[in-house]
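Colleague: just the structure for this:
(chains A and B, ligands or ions: 1)
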Amino acid sequence: MNEEPAKPCACSAAPKKTSRRDFLLATGFGLNAIAGAMIGIPLVGYLFSSFFKPNKLEKISLGQVDAFPEGKTRFASYKNPMHREWDGQTADIPCWVRRIQGNDFQVFAINCTHLGCPVRWFEESKLFMCPCHGGAFYEDGGHAAGPPPRGLYTYEVKVENGELFIMGGVIPNLSNQNV
Amino acid sequence: MNKLIHAARGVFLWVDDRLHLTKLYESTAGHHVPQSSGSWFYVFGSATLLCFMIQIATGILLAMVYVPSAAEAYTTLEYLTFHQYLGWFLRGVHYWGSNFMVGIMLLHMTQVFLFGAYKYPREITWITGVVLMVLTLGLAFTGQVMRFDEDAYWGLGIGVAIMGRVPLLGEQLVNMMLGGPIIASDTLSRFFALHVFVLPGGILALVSIHLRMVLTKGINEYPQPGMLVRRESYDKEYAAIIKKEGVPFFPKAISKDLVAAAVVIIGILACATFFGPKGPLGPPNPLQIDTLPRPDFYFLWIFAIAALMPDWMESVALLGGPVIIGIILFALPFFNGTGEKSWRRRPIAVLTVILTYVSLGLLTYLGHTSPWSPDMNAWRSAHTPKKFLEGRSPLELQGSLVIQSMQCRNCHAIDGIGGQRGPDLADVGARLTKDQLVRQVIQGGGNMPAYGKNLTPDQVDAVVAYMVSLRTPGVAAARDSSQPGRPPME
Ligand code: FES
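Modeller: Below you'll find the model as predicted:
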């Protein structure tokens, strides 16, 4: 293929030809760069959409205050405020409600601050115990033992007209400590 | 007859002329390999690839029934396991295929490492292999999520907790991993996309490069002690080896691979038949918190590390560890690319392998038994042996009741019965003095919560009296070493 016999060239014409080819090639690349961006940007935007949407907490009712006896810690649950029909059971989120007295509440996330396993409340020893690596927390959520780096995550609590509300909608982890 | 042969030959030549089959054969399956590489040690690579092909076949079939929706996945898993004709078997093959794939891949990597096959000029073969390992582990993790049961749900929670530790980007990464701020339907869908499209696609692409490298740079000759790799001369030496003892891979060097392939297939089928698929365990119901989340076999060692690491270094290790391991693996063929190949003359390499296997094995064992986890039901189910009750005073018996009802047994065994988190109570009386015991119970410390607020002074007295009485008859109670003159308690 490369062995075309060397023709006596019309030398002045050669550079012109090349430049037209070059132009076409450059146009081809250029057009594809534009087209690539046109398809690429929406794809990337779709994939990273969560980066541009700040997490929003919503006010969620946990029911009547009176359902929680004073001085006790009780299991409670709420629906993920953003849940969708096809979430199934995963729409339910558990938490621990401690009514200290009156309207004084603490609501703890279920997730251990170590690696997120569900902590369980033991009324007699007044401890939350984690089934994964032996983390334990006191009644007030403080760190008692084991690998967790801090006390339990707490929700912001509001009591209005005898109803208990929390601000929820985000799975608590060390990147959003104040949940 | 002759005519027939002639005609067949004509057809073959025609096909070959159009498709270049002979050429294809010569440059692929028929490429020449050193005869010494037709060894039992060289079968693991093809066996890993075989496992992957089995995973693809069974995976496609499973995907025909499985529904990747948070609301339906569990139901379809049950349907697959109990109703779909041969569904349990396919699930079993897919599950055991993944175990075999991870295991054989590890053997392959070990062999390559010990035989110095990563050295010049096979750096890219090694690096693509490392990436393949990461992708395979990714498949294993996402596969665990496909089995959308309680372990999958809380396993995702663990992923969130690790991602959330990444500085600055933590929150974004969590959202990206879950497809939102909470584990929900989007989470399963994106893990499904990863598990069936992205990761297998990546593996196919990388396997092509990996195999292409085997063709261009040749398979490692069986290393002889004393044969050093030098950048200047290796290529010539290798060409000489091929010239002298090169044989076409197919059919001259493939026989052991074939035998190994059959053994692997039969092994997977046997495991699937006898042990069946794993799970699904309980449904992915977050409200069902009476659960013991455990990862699949191949990640138990990470689970163990998470339990055993001091918390001040945990985030650094969980996030930095993989990066450091990755860098070492990537850099290996560059800082150790020449010299001795044979493991007989590479004691450090051998030691590295032994250490790695021993620690992985130990951590996996620990992860499996997880002695650090409280036994959540011990306080109502662990009994107290008779000899630890007989002849005790009322105060001591009261102490035994307190120990039971205050859930001490969740973490403390008595004579081996109960949780293993804390020390066995049967011999603390011989190690700690009465004062030390009181202090330990009230203030806690060394991984024990403080019980000062939850126990009345009378209860503490009773508990300590009981623990002192538990030590083996004949063993003296502990003395306070700072006051040697003082008689032991009792
Ligand atoms: S997740 Fe709770 S101790 Fe590790």
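Colleague: neighbouring contacts of the strand of greatest length in chain A?
Modeller: Longest strand in chain A, counting residues (DSSP state E): strand A:92-101. Contact with strand A:92-101 is made by A:62, A:65, A:68-80, A:105-110, A:118-119, A:121, A:128, A:139-140, A:152, A:155, A:164, A:166, A:168, B:182, B:285-287, B:289, as judged by C-beta atoms under 8 Å, 6 or more residues apart in numbering or on different chains. All C-beta atoms are positioned from the backbone trio N, CA, C, and that covers glycine.
Colleague: now, of these, which are buried?
Modeller: The neighbour count (16 or more other C-beta atoms under 10 Å in any protein chain shown) marks A:62, A:65, A:68, A:73, A:76, A:78, A:80, A:105-110, A:118-119, A:121, A:128, A:139, A:152, A:155, A:164, A:166, A:168, B:182, B:285-286, B:289 as buried among the contacts of strand A:92-101.
Colleague: can you list the domains in chain B?
Modeller: B:1-26, B:31-369, B:378-468 (automatic domain parsing).
Colleague: so the closest residue to the ligand within chain B is in which element?
Modeller: Residue nearest to the ligand within chain B (C-beta to the nearest ligand atom): B:Ala306, separated by 6.2 Å. Taking DSSP states H and E as the definition, B:Ala306 sits inside helix B:300-308.
Colleague: for that helix, buried residues please.
Modeller: For helix B:300-308, a neighbour-count test (16+ other C-beta under 10 Å) marks B:300-307 as buried.
Colleague: next, see if that helix gets close to chain A.
Modeller: Yes - using C-beta under 8 Å from any C-beta of the partner chain, we find that helix B:300-308 touches chain A at B:303, B:306-307.
Colleague: the helix or strand that that helix is followed by packs against which elements?
Modeller: Per DSSP H and E, helix B:300-308 leads on to helix B:311-335 as the next helix or strand towards the C-terminus. Packing partners of helix B:311-335 (3 or more C-beta pairs under 8 Å, 6 or more residues apart in numbering or on different chains; DSSP states H and E): helix B:123-146, helix B:300-308.
Colleague: chain A contacts on the stretch 1-150 of chain B?
Modeller: Residues of the stretch 1-150 of chain B lying close to chain A by C-beta under 8 Å from any C-beta are B:69-72, B:74.
Colleague: which of those residues lies closest to chain A?
Modeller: Closest approach between these and chain A, by C-beta to the nearest C-beta: B:Ala71, at 3.0 Å.
Colleague: hang on, the earlier thing: filter the buried ones among the contacts of strand A:92-101 down to just the ones in strands.
Modeller: When these are checked against strands (DSSP E), the matches are A:62, A:73, A:76, A:78, A:105-109, A:121, A:128, A:155, A:164, A:166, A:168.
Colleague: and the ligand, which of those contact it?
Modeller: Subset of those in contact with the ligand: empty, counting by C-beta under 6 Å from any ligand atom.
Colleague: now do the contacts for A:Gly142.
Modeller: A:Gly142 sits next to A:Gly151 when contact means C-beta under 8 Å, 6+ apart.
Colleague: state the distance from it to B:Met309.
Modeller: Separation of A:Gly142 from B:Met309 (C-beta to C-beta, to the nearest Å) stands at 21 Å.
Colleague: after the longest helix seen in chain A, next one along is what?
Modeller: Scanning chain A for the helix with the most residues, using DSSP state H, yields helix A:13-47. Later in the chain than helix A:13-47, the nearest helix or strand by DSSP H and E is helix A:49-52.
Colleague: ramachandran angles for B:Tyr25?
Modeller: phi -60, psi -50 (degrees, to the nearest 10).
Colleague: same question but for A:Pro147, I mixed them up
Modeller: phi -70, psi -10.
Colleague: which helix or which strand is home to A:Ala132?
Modeller: Quick fix: residue A:132 is Cys, not Ala. Per DSSP H and E, there is no helix or strand for A:Cys132.
Colleague: next one: it, what pLDDT does it get?
Modeller: Listed pLDDT for A:Cys132 reads 91.
Colleague: number of nearby residues for the residue lying closest to it once chain neighbours are set aside?
Modeller: Distance criterion C-beta to C-beta, 6 or more residues apart in numbering or on different chains; nearest residue to A:Cys132, sequence neighbours excluded, is A:Cys117 at 3.8 Å. Residues contacting A:Cys117 under the criterion other C-beta atoms under 10 Å in any protein chain shown number 25.
Colleague: what's the answer for A:Asn103, then?
Modeller: Using other C-beta under 10 Å, the number of residues around A:Asn103 comes to 13.
Colleague: mind checking how far it is from A:Tyr155?
Modeller: If you measure A:Asn103 against A:Tyr155 using C-beta to C-beta, the figure is 15 Å.
Colleague: got it, and A:Gly88?
Modeller: Here A:Gly88 is placed at a distance of 23 Å from A:Tyr155 (C-beta to C-beta).
Colleague: same deal with A:Ile34?
Modeller: Distance of A:Ile34 to A:Tyr155, computed by C-beta to C-beta: 49 Å.
Colleague: ok, B:Leu362 next?
Modeller: Separation of B:Leu362 from A:Tyr155 (C-beta to C-beta) stands at 40 Å.
Colleague: and if you look at B:Gln288?
Modeller: Separation of B:Gln288 from A:Tyr155 (C-beta to C-beta): 21 Å.
Colleague: A:Ser50 now?
Modeller: A:Ser50 sits 22 Å away from A:Tyr155, going by C-beta to C-beta.
Colleague: can you tell me the element B:Leu258 falls in?
Modeller: Using DSSP H and E, B:Leu258 maps to helix B:255-275.
Colleague: hang on, I meant B:Val11
Modeller: Counting by DSSP H and E, B:Val11 is found in helix B:2-19.
Colleague: buried ones in that helix?
Modeller: Of the residues in helix B:2-19, none is buried (16+ other C-beta under 10 Å).
Colleague: before we move on, what about stretch B:287-295?
Modeller: Per 16+ other C-beta under 10 Å, stretch B:287-295 contains these buried residues: B:289, B:291, B:293-295.
Colleague: what parts of chain A come near the ligand?
Modeller: By the rule C-beta under 6 Å from any ligand atom, the part of chain A lying against the ligand is A:112, A:114-117, A:130, A:132-135, A:146-148.
Colleague: let's go with 5 Å and repeat that
Modeller: Within chain A, the residues that sit near the ligand (C-beta under 5 Å from any ligand atom) are A:112, A:114-115, A:117, A:130, A:132-133, A:135.
Colleague: which residues touch B:Asn285?
Modeller: Counting by C-beta under 8 Å, 6+ apart, B:Asn285 touches A:89, A:92, B:150, B:153.
Colleague: one more: B:Phe275?
Modeller: With C-beta under 8 Å, 6+ apart, B:Phe275 has these contacts: B:92, B:96.
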